[in-house]
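# Return a 3D structure for these sequence lines:
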Amino acid sequence: MRRIVFMCALLALAVTGVRAQQGTPAAGTGPVIEKSPAVVPYKPAQLSEADQIQACPAKIDLHPEVDGVYKVGGDVKWPKPIHEVDATFSAEARKMIKMQHLKNFEAISLVSLVVDPFGNPQIVCVLKSAGYGLDEQAVAAAKQFRFQPATKDGVPVAVRISIEMNFKIY
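Residues are numbered from 1 along each chain as shown. Below is the predicted model of the structure:
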């Protein structure tokens, strides 16, 4: 019985501690309305033309409060593709297929990019490489995509997404 009383007392102290941290409204002031945090503007990274194709970092951390790039989900809606471009085979891949007398060939290049608040792709990098020069073709195609921007609470925001580029010959 003492254990139950002791546990109830601890629970009551924990609950009052949590309420004190949350800040309870004063009596008669009405309901507390929480405002959603303001949307942070997108700050594009400055890349040189020499950085045409880059491998993505092992772990991509999103810090919307710093750079304005959000993760899709919750109140952040997906960008909708307006203009898509298919990646073409590279000369290196065609040569390899011909040399090995392949009738069927399939490769996938997974490309990650940031869709800015205007619907343009930025910071394109390769998550999964296909090799044979196909990644360069995938990046070139991804840079030509155009999107209806992602939105957070109705405001256009930058988001990071992944696009799978398929290369097939049958």
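
# Checking residue 66 next. Helix, strand or coil?
Secondary structure, DSSP: H, G, I helix; E, B strand; the rest coil: residue 66 is helix.

# how many neighbours does it have?
Residues lying near residue 66 (other C-beta atoms under 10 Å) number 10. (Each C-beta comes from the backbone N, C-alpha and C, glycine too.)

# Would you mind measuring from it to residue 130?
32 Å (C-beta to C-beta, to the nearest Å).

# Phi, psi for residue 85 please.
Residue 85 adopts backbone torsions of phi -120, psi 130, taken as degrees, to the nearest 10.

# now it: how far from residue 141?
The value you get for residue 85 to residue 141, if C-beta to C-beta is used, is 4 Å.

# Stretch 66-77: which residues count as buried?
67, 68, 69, 70, 76, 77 (16 or more other C-beta atoms under 10 Å).

# Which one's more surrounded, residue 85 and residue 141?
residue 141 (19 against 14).

# Please tell me the pLDDT value assigned to the more buried one.
Looking at residue 141, its pLDDT reads 96.

# Could you identify the longest strand within this protein?
Ranked by number of residues, the top strand in the chain under DSSP state E is strand 155-169.

# Can you name every helix or strand that that one contacts?
Packing contacts for strand 155-169, counted by 3 or more C-beta pairs under 8 Å, 6 or more residues apart in numbering; DSSP states H and E, involve strand 69-70, strand 105-115, helix 134-142, strand 150-152.

# Compare these and say which comes out lowest on pLDDT.
strand 69-70 has the lowest average pLDDT among the helices and strands packed on strand 155-169, namely a mean of 91.

# packing partners for that one?
Using 3+ C-beta pairs under 8 Å, 6+ apart: strand 69-70 touches strand 155-169.

# What is the end-to-end distance of stretch 122-133?
21 Å (C-alpha to C-alpha, to the nearest Å).
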